[in-house]
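In: attaching a predicted model along with its sequence, questions to come.
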Amino acid sequence: MSYVPHTEAEQRAMLARIGSASVRDLFAAVPEAHRFPEVSLPPPLSEPELLAELHALAARNLDLSTAPCFLGAGAYHHFVPSVVRHMTSRSEFYTAYTPYQPEISQGTLQTIFEYQTMICRLTGMEVSNASHYDGATALAEAAIMAVDVARGRRREVLLSPDIHHEYRQVVRTYTQAMDLDIVGDKEPNATLESLVQRVGPQTACLVVQTPDFYGRILDLSGLAEQVHARGALLVVVCDPISLGMLRPPGAFGADIVLGEGQPLGIGLQFGGPYLGFFACRMAHVRRMAGRLAGETVDAQGRRGYVLTLSTREQHIRREKATSNICTNQGLNVLAAAVYLSALGKCGLAQVASLCYHRAHYAARAIAALPGYAVDDAQPFFKEFVVRCPAPAREINRRLLQEHGTVGGLDLASVDPAREHEMLLCVTEMNPVAEIDRLVSALAEVGS
Amino acid sequence: MAFEIAPDCRYAENHEWICVEGDTATIGISDYAQQELTDVVYVELPEVGQSFGQGEPFAVVESVKAASDVFMPVAGEVIEVNASLEDAPEFVNDDPYGDGWFVRIRIADPGELDGLMDPDAYRAYVAAQAS
């Protein structure tokens, strides 16, 4: 079967119309030697041969179902219950595209509605949108929204230096043509107090992350009040798993709460696709990017779901849309909703508690090793910075080669001066015995 | 389709009405416009003190169908906004020439009023658009 939909007669008619003799002539601008090159391919394989080859290739990967992993830094190895994959594999969800005729897609709308409801409960916020591409783009949307809430008169976005560096880069890339001042994050010694002091008449929002990039939990008490007194919004980036045990940013008066939803049943998946969750106060709902599903009743009083708010999206508002990326992450939204439903409140609290206690167990043991030190001056959640007796790059290489273990993030990738430090992550996927083996391995490779 | 046209106003091509009182004026959208929009659910108004040129968007009216810009029939400075629309956007549907007004402005150039339609011209304009 040909995948070209035009018949030969149609092709001849089109060629005659534009005055070309053949389709090949249309490629005349490409140099002869590169026009129709011979591609050197190995001979064809049978299906069993092909599978054997692919298995052999796959066997060269390090598989986290068996290899211990202590790497986090924005993408986290959490357990994904089987029911999540079961639901996201159903063709009703799997094959569906964004609902441009929304009311016919009741299942999709109900999923979004339930997801929004759970995100609101998790973050302590009043309204959640149907999601963004990932945590970093959700932060960029929050910055733009804060400028919009100030009606464009405040054009400074104040970022804490302890926000994930890639998120800060994405904010700059995303807003580069908007004439905004992205400031604050180039001062490594900034504290919450010094950041608040920088909130001025031009500041649209202050953005902080908790737990921050280095895993430290921020005390948000009184922060929103101080930021509001200076006429700006408080935006908080957070880890959704941490909300299983920490007081939500909404309870501290945050105006926008967002983050990476990948820990909620999405798996690492080689870095994407991920899920940006985004929630805000009802007062700002019309400045919020993206769409909002709502519950209603039909003419006969039966429960149904609608797109309650999408009038500010680009297919209606064109260049005046709240965002030019209004796609939501349908399947990952479903995964997060199923994950949260499957775990329930107690389950999520248990995951958070396991992460917290195992991370602290690991931190105590590593701190006791000669040559190692742990930064525990502030409370932390599931990540912490370890100072190593050798460059982290070297420690990680030996952990991998000699112990088949993925170590923490080499902080030289963030700051060349910090090559002796690594950011370690411990989750519920790291049993105590595995942590004990890591500690022994660290002792060995550090001596 | 039946719609009202207030006799004492002038009209712009984007269906805004303007009612002049000395050097100030009240602005809203016509009965025809509100019927076309269907149920208005939200009106985003400018702030007092903001100035706009003729034809510049100064407000956004959101219905269950769409969010649309509302344009200044003449240039001017906003001296009052209809804050009651915040809680009762349905005034735009129920009483477009009364409680559903949007803003009051100080007119910058009264000469610009001459370019607007009188009620008869507007009636003919809408009829031509509808046909």
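Out: Arrived safely.
In: what's the neighbour count on residue 30?
Out: By default, I'm working from chain A. 10 (other Cβ atoms under 10 Å in any protein chain shown). For the C-beta atoms, the positions are set from N, CA and C on the backbone; glycine is no exception.
In: my bad, chain B
Out: Residue B:30: 23 neighbours (other Cβ under 10 Å).
In: give me the distance between the nearest residue to it once chain neighbours are set aside and chain A.
Out: By the measure of Cβ to Cβ, 6 or more residues apart in numbering or on different chains, the closest residue to residue B:30 outside its immediate chain neighbours is residue B:15, 4.7 Å from it. Per Cβ to the nearest Cβ, to the nearest Å, residue B:15 is found 18 Å from chain A.
In: tell me the contacts of the residue in chain B positioned nearest to chain A?
Out: Nearest residue of chain B to chain A, counting by Cβ to the nearest Cβ: residue B:67, 4.2 Å away. Counting by Cβ atoms under 8 Å, 6 or more residues apart in numbering or on different chains, residue B:67 makes contact with A:311, A:312, A:316, A:317, B:42, B:60, B:61.
In: how about the residue nearest to it when sequence neighbours are not counted, secondary structure?
Out: Nearest non-adjacent residue to residue B:67, counting by Cβ to Cβ, 6+ apart: residue A:311, 4.2 Å away. The three-state label given to residue A:311 by DSSP: H, G, I helix; E, B strand; the rest coil is coil.
In: can you tell me the distance between the two ends of stretch A:407-423?
Out: 9 Å (Cα to Cα, to the nearest Å).
In: mind listing what's buried in that stretch?
Out: Burial within stretch A:407-423, assessed by neighbour count using 16 or more other Cβ atoms under 10 Å in any protein chain shown, is assigned to A:407-412, A:414, A:418-423.
In: cool, stretch A:354-367 as well?
Out: A:354, A:355, A:356, A:358, A:359, A:360, A:361, A:362, A:363, A:365, A:366.
In: now, the residues you listed that are in helices?
Out: A:354, A:355, A:356, A:358, A:359, A:360, A:361, A:362, A:363, A:365, A:366 (DSSP state H).
In: so what's the fourth one up against?
Out: Residues near residue A:358 by Cβ under 8 Å, 6+ apart: A:382, A:426, A:427, A:428, A:430, A:432, A:435.
In: could you identify the most distant pair in those?
Out: Within the contacts of residue A:358, two members stand farthest from each other by Cβ to Cβ: A:382 and A:432, at 14.7 Å.
In: okay, now the spatially closest residue to residue B:57 that is not a sequence neighbour: neighbour count?
Out: Distance criterion Cβ to Cβ, 6+ apart; nearest residue to residue B:57, sequence neighbours excluded, is residue B:69 at 3.8 Å. Other residues within reach of residue B:69, judged by other Cβ under 10 Å, total 14.
In: contact partners for residue B:69?
Out: If you count contacts by Cβ under 8 Å, 6+ apart, then residue B:69 has A:320, B:57, B:59, B:60 around it.
In: do residue B:55 as well
Out: Taking Cβ under 8 Å, 6+ apart, one finds B:71, B:72 in contact with residue B:55.
In: one more pass at 6 Å, please.
Out: Going by Cβ atoms under 6 Å, 6 or more residues apart in numbering or on different chains, residue B:55 touches residue B:71.
In: now do the phi/psi pair for the residue of chain B closest to chain A.
Out: Main-chain torsions, residue B:67, degrees, to the nearest 10: phi -110, psi 120.
In: so what's it bridging to?
Out: Judged by DSSP bridges, the bridge partners of residue B:67 are residue B:62.
In: any idea how far residue B:57 is from it?
Out: 11 Å (Cβ to Cβ, to the nearest Å).
In: kindly report the same for residue A:48.
Out: Counting by Cβ to Cβ - residue A:48 and residue B:57 are separated by 65 Å.
In: just give me the residue right at the centre of chain B.
Out: For chain B, residue B:28 is the residue whose C-alpha lies nearest the centre (Cα atoms, centre = their mean; 2.5 Å).
In: just give the nearest non-adjacent residue to that residue, would you?
Out: Leaving aside its sequence neighbours, residue B:28 sits nearest to residue B:101 (Cβ to Cβ, 6+ apart; 4.4 Å).
In: what's the answer for residue B:39, then?
Out: By the measure of Cβ to Cβ, 6+ apart, the closest residue to residue B:39 outside its immediate chain neighbours is residue B:64, 5.0 Å from it.
In: tell me the pLDDT of the one you found.
Out: pLDDT for residue B:64: 79.
In: quick check: the residue nearest to residue B:67 touching residue B:62?
Out: Yes - if you go by Cβ atoms under 6 Å, residue A:311 and residue B:62 touch, sitting 5.3 Å apart.
In: show me which residues of chain B are close to chain A?
Out: B:62, B:66, B:67 (Cβ under 6 Å from any Cβ of the partner chain).
In: neighbours of the closest residue to chain B within the stretch 1-150 of chain A, just the number please.
Out: Nearest to chain B in the stretch 1-150 of chain A, going by Cβ to the nearest Cβ, is residue A:148, at a distance of 10.9 Å. Counted with other Cβ under 10 Å, residues neighbouring residue A:148 total 17.
In: right, and it touches residue A:287 too?
Out: Yes - judged on Cβ under 6 Å, residue A:148 makes contact with residue A:287 at a distance of 4.7 Å.
In: identify the residues contacting whichever strand or helix holds residue A:110?
Out: In the assignment (DSSP states H and E), residue A:110 maps to helix A:106-123. With Cβ under 6 Å, 6+ apart as the test, helix A:106-123 has contacts from A:92, A:96, A:99, A:128, A:130, A:240, A:243, A:248, A:250, A:257, A:277, A:279, A:293, A:295, A:305, A:333-334, A:336-337, A:340.
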